[in-house]
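K.L.:
the sequence isn't on hand, but the structure is:
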């Protein structure tokens, strides 16, 4: 039975969205095709109508997650303060505690190195995010914005990964707060004008 193109495209997007979420939650090897299809409300059978293999799904879902992340970063480029807020949100307890809705870099960096099919998509995403940060983050010195973007993103991703790994809640919060304070300190309140 043939389905209309719009319905097929919608199912494809549902599979990508659920796969991206589940891979961020459990890792590439931690979730099966059956679990992904179940999360979409579809049976296992139609999977191969959409993807040649699990590896093909892993690569495409990484690009799908990348697009979502790049859109969020684009929205943050409205002002220097929204860029700093983006960093604060990234190194927050909310991001730490819900990896399925978070950044693929913090969730999957360790897994991507073991997945040759995913590495090109992961590399594309990393370069795109670094490029956006280098161009749009309100760097104080602006001498080496690309280098500074690499350092900042590495610190952000590392902070979230480490904060997720430790079993001490206060220490986890401390890791996140340290990176936030370093790269996106809160601006001091502006004094009220004299009355």
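P.N.:
Sure thing, it's come through. None of the values given here were measured: they were computed from a predicted structure.
K.L.:
helices of this structure, start to end?
P.N.:
Listed in chain order, the helices of the chain (DSSP state H) span 5-26, 33-40, 47-50, 54-76, 80-90, 93-97, 104-112, 119-136, 145-165, 169-183.
K.L.:
deepest-packed of the ones you listed, please.
P.N.:
helix 104-112 (a mean of 22; mean count of other CB atoms under 10 Å). (Glycine included, C-beta is placed from N, CA and C.)
K.L.:
report the angle between that helix and helix 5-26.
P.N.:
Angle, helix 104-112 to helix 5-26, by axes from the mean of the first three to the mean of the last three CA atoms, to 10 degrees: 80 degrees.
K.L.:
what's the mean pLDDT across helix 104-112?
P.N.:
Regarding helix 104-112, the rounded mean pLDDT is 94.
K.L.:
residue 21 contacts residue 99, correct?
P.N.:
No. Counting by CB atoms under 8 Å, residue 21 stays clear of residue 99, with 9.1 Å between them.
K.L.:
what's the residue lying closest to residue 17 once chain neighbours are set aside in contact with, if anything?
P.N.:
Closest residue to residue 17 apart from its sequence neighbours, by CB to CB, 6 or more residues apart in numbering: residue 64 at 6.9 Å. Listed by CB atoms under 8 Å, 6 or more residues apart in numbering, the contact set of residue 64 reads 13, 16-17, 19-20.
K.L.:
please redo it, this time with the cut-off set to 7 Å
P.N.:
16-17, 20 (CB atoms under 7 Å, 6 or more residues apart in numbering).
K.L.:
okay if I get those as CSV plus pLDDT?
P.N.:
Below are the contacts of residue 64 laid out as CSV (pLDDT from 0 to 100):
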residue, pLDDT
16, 94
17, 94
20, 95
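K.L.:
dump those residues to TSV, plus distance to residue 121.
P.N.:
Shown next, in TSV, are those (distance: CB to CB, whole Å):
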residue	distance to residue 121
16	12
17	16
20	11
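K.L.:
would you mind checking which of the residues you listed is nearest to residue 53?
P.N.:
Relative to residue 53, the closest of those is residue 16; by CB to CB it sits at 14.6 Å.
K.L.:
excluding chain neighbours, what is closest to the closest one?
P.N.:
Spatial nearest neighbour of residue 16, chain neighbours left out: residue 64 (4.2 Å); criterion: CB to CB, 6+ apart.
K.L.:
what about stretch 166-178, average pLDDT?
P.N.:
For stretch 166-178, the per-residue pLDDT averages 98.
K.L.:
got a list of contacts for that stretch?
P.N.:
Contacts for stretch 166-178 (CB under 7 Å, 6+ apart): 91-93, 96, 159, 162-163.
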